[in-house]
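# let's see this in three dimensions:
(4 chains)
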There are 2 protein chains.
Amino acid sequence: MISHELFHTLHQLSRHLTNKLNEALKPLGIYSAQWAVIFTLKKRGSLTQTELCDYLFVEAPPMTRTIQRLVKQGYVKQVPGKDKREKHVQLTDEAINEYPRWEIVVNEVNQGLLNHFPEASQEELLKLQNSWLQQIL
Amino acid sequence: MISHELFHTLHQLSRHLTNKLNEALKPLGIYSAQWAVIFTLKKRGSLTQTELCDYLFVEAPPMTRTIQRLVKQGYVKQVPGKDKREKHVQLTDEAINEYPRWEIVVNEVNQGLLNHFPEASQEELLKLQNSWLQQIL
DNA sequence: CCCTTATAGTTACCTAGGTAACTATTTTGA
DNA sequence: TCAAAATAGTTACCTAGGTAACTATAAGGG
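Presented below is the predicted three-dimensional model:
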């Protein structure tokens, strides 16, 4: 009956990592959920909200809220598409300007969280997580 | 730069497992956070709220809320200790009666989530998670 | 063609968990 | 001893993410 401990530890890890990221992002005025959207848009370019939801495995309502906050802060704009139901979300110039600064902070946190955890273990962990996710999704 | 994917996958896994657990617990009228407290109290007996927080790595305010809901549902009671600041939390007879029924449901979910994921992988994953947690806590 | 169904997004409201500020006790140290 | 500091718990308010119910637009089938 290892399952309880497995789930518990996973949950703790996830919370701890999110907390650390939010703590580091605080002086920048953005939150972890916003960062996830920004990071995705930087990598993939313009996406509809549904595409963002699919990629980040998040339901539509929280995505709406996160995007609305980003719009209000001027980091993201919603461009209506040919299909009038869709909103194509993209980074503003301001966000693109700020991005390198944000990336440095995030990379520092990530490295701080990983630098005593061997790279081989990281890869093994990622492999196990992906394999588990595939099976239950 | 594996870190983004590692964190992202971990986060997804954690959310997915919690969602599945909540879905299964819904007909029983309890939520995953409540189950975590019940499970801990069953294993450890009477604990103060601070001890529960420490064990579950959760801050005091969410613990207060979870316990207040359990008290309202009659599954938990708060017994004042010698130190009048403390509240010793323990399961009621009703909770002890219901426990086996809850345990069956939870074990079924857990098994459903794990039955295509080899036991050796589970153990390896737990080992990696624990080792990482130790280093960043 | 038009009515039905499906899809994109929003709103309202729920749990989960975080910080800051507070109260009430207990512990400590000058 | 007793004032200051620490601790246990609560309250208020924030983000994160979930479901249900809704609106508006697009697609399909008779």
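# measure whichever residue of chain A sits closest to DNA strand D to A:Phe7 for me?
Going by CB to the nearest atom of the strand, DNA strand D is nearest to A:Tyr31 of chain A, at 2.8 Å. (Each C-beta comes from the backbone N, C-alpha and C, glycine too.) Distance, A:Tyr31 to A:Phe7, using CB to CB, to the nearest Å: 25 Å.
# ok, back up a step: the residue of chain A closest to DNA strand D - how many residues pack around it?
16 (other CB atoms under 10 Å in any protein chain shown).
# so what's it up against?
Going by CB atoms under 8 Å, 6 or more residues apart in numbering or on different chains, A:Tyr31 touches A:22, A:25.
# just the pLDDT for it.
Predicted confidence (pLDDT) at A:Tyr31: the value is 96.
# tell me which element A:Ile30 is part of?
A:Ile30 belongs to no helix or strand when elements are defined using DSSP states H and E.
# how far away is it from A:Arg101?
For A:Ile30, the distance to A:Arg101 - CB to CB - is 11 Å.
# neighbour-wise, which of the two wins?
Neighbour comparison, A:Ile30 and A:Arg101: the larger count goes to A:Ile30, with 21 against 10 (by other CB under 10 Å).
# dihedrals phi and psi, the more buried one?
phi -130, psi 160 (degrees, to the nearest 10).
# that one: what's it in contact with?
Contacts of A:Ile30 by CB under 8 Å, 6+ apart are A:38, A:73, A:75, A:102.
# what ranges do the strands span in chain A?
Secondary structure of chain A by DSSP state E: the strands cover A:47-48, A:76-80, A:87-91.
# in JSON lines, list those along with mean neighbour count.
Putting the strands of chain A into JSON lines (neighbours: other CB atoms under 10 Å in any protein chain shown) gives the following:
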{"stretch": "strand A:47-48", "mean neighbour count": "18"}
{"stretch": "strand A:76-80", "mean neighbour count": "15"}
{"stretch": "strand A:87-91", "mean neighbour count": "18"}
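# could you pull out the helices for chain A?
With helices called from DSSP state H, chain A shows them at A:3-25, A:32-44, A:49-56, A:60-73, A:93-114, A:119-136.
# wait, which of these is closest to B:Thr66?
Among those, helix A:3-25 comes nearest to B:Thr66, with 14.2 Å by CB to CB.
# what about the closest residue to A:Leu70 other than its chain neighbours, distance to B:Lys43?
Distances taken as CB to CB, 6 or more residues apart in numbering or on different chains put A:Val76 closest to A:Leu70, at 3.9 Å, once the chain neighbours are dropped. Distance of A:Val76 to B:Lys43, computed by CB to CB: 46 Å.
# with A:Ser14 instead?
From A:Ser14 to B:Lys43 the distance is 22 Å (CB to CB).
# and these two? which has more neighbours close in?
A count of neighbours by other CB under 10 Å puts A:Ser14 above the other of A:Ser14 and B:Lys43, at 19 against 10.
# what's the spacing between that one and B:Gln90?
Taking CB to CB as the measure, A:Ser14 falls 29 Å from B:Gln90.
# next one: A:Phe39
According to CB to CB, A:Phe39 and B:Gln90 sit 45 Å apart.
# gap between the residue nearest to A:Glu119 when sequence neighbours are not counted and A:Val105?
Nearest residue to A:Glu119 in three dimensions, chain neighbours excluded: B:Ile2, at 8.0 Å (CB to CB, 6+ apart). B:Ile2 sits 18 Å away from A:Val105, going by CB to CB.
# run through the residues that contact A:Phe57.
Contact partners of A:Phe57, counting by CB under 8 Å, 6+ apart, are B:12, B:15-16.
# cool, and A:Trp35?
Applying CB under 8 Å, 6+ apart, we find A:Trp35 in contact with A:21, A:25, A:102, A:106.
# for those, work out which two are farthest apart.
Taking CB to CB as the measure, the contacts of A:Trp35 span a maximum distance of 11.2 Å, between A:Leu21 and A:Trp102.
# out of everything not next to it in sequence, what's closest to the residue positioned nearest the centre of chain A?
For chain A, the residue whose C-alpha lies nearest the mean C-alpha position (CA atoms, centre = their mean) is A:Ala36; its distance is 2.2 Å. Leaving aside its sequence neighbours, A:Ala36 sits nearest to A:Leu56 (CB to CB, 6+ apart; 5.8 Å).
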